[in-house]
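**Student:** Sequence unavailable; structure follows:
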């Protein structure tokens, strides 16, 4: 049987692989599978940090969730909001491939030209989400330790 840390790691790995498959499927569906792999190969240095950051956020989210559940405290909504916001910013570059279909070819050219910049913004957003979640987890651990030392129930969210 897996412990909570192993489950969190598994969810992070599943999320990373799923995002990579999503990227290949979306780009492949709109521009061909060969182009999807060509695009992945040409932008690997931006796409893989996004994928790894996404997986790490899922790991952290689950780790915090398990920590909150096992300490008798409800889940913190702020963590989910930060994580979701970062993930949306991280994955927004996939919309570039759908814009020509809705007839906005001028916008598509602009966004395609600056695709690397959007990917960098996604990486920065990922980093902010990860740092916020790490700080939150550290605060939870401090609070749980403090309350445990006082003999009370671990309450990390006050």
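**Tutor:** Noted; the coordinates are in hand. Remember, predicted model here, so these are calculated numbers, not experimental data. Numbers count the residues shown, from 1 in each chain.

**Student:** The longest helix seen in the chain packs against which elements?
**Tutor:** In the chain, ranked by residue count with DSSP state H as the criterion, the top helix is helix 115-149. Packing contacts for helix 115-149, counted by 3 or more C-beta pairs under 8 Å, 6 or more residues apart in numbering; DSSP states H and E, involve helix 44-70, helix 77-91. C-beta: built from backbone N, CA, C; applies to glycine.

**Student:** Show the pLDDT at residue 65.
**Tutor:** The score at residue 65 is 84. That number is its pLDDT.

**Student:** burial measure for it, as a count.
**Tutor:** Close neighbours of residue 65, defined as other C-beta atoms under 10 Å, add up to 18.

**Student:** How about residue 26?
**Tutor:** 17.

**Student:** likewise the one 3 residues further on?
**Tutor:** Using other C-beta under 10 Å, residue 29 has 12 neighbouring residues.

**Student:** ok, back up a step: just give me the lowest mean pLDDT stretch among the helices and strands packed on helix 115-149.
**Tutor:** helix 77-91 (a mean of 47).

**Student:** Distance check, residue 130 against residue 113.
**Tutor:** 28 Å (C-beta to C-beta, to the nearest Å).

**Student:** For those two, indicate the residue with more neighbours.
**Tutor:** residue 130 (19 against 9).

**Student:** Tell me who's in contact with that one.
**Tutor:** Residue 130 makes contact with 53, 56-57, 60, 86, according to C-beta atoms under 8 Å, 6 or more residues apart in numbering.

**Student:** Closest to residue 119 out of those?
**Tutor:** Closest approach to residue 119 among the contacts of residue 130 (C-beta to C-beta): residue 53, at 11.3 Å.

**Student:** The closest one: what's its closest spatial neighbour, skipping adjacent residues?
**Tutor:** Spatial nearest neighbour of residue 53, excluding adjacent residues (C-beta to C-beta, 6 or more residues apart in numbering): residue 126 at 3.4 Å.

**Student:** count of residues packed around that neighbour?
**Tutor:** For residue 126, using other C-beta under 10 Å, the count is 23.

**Student:** May I see the buried residues of stretch 135-142?
**Tutor:** For stretch 135-142, the neighbour count (16 or more other C-beta atoms under 10 Å) marks 136-137, 140 as buried.
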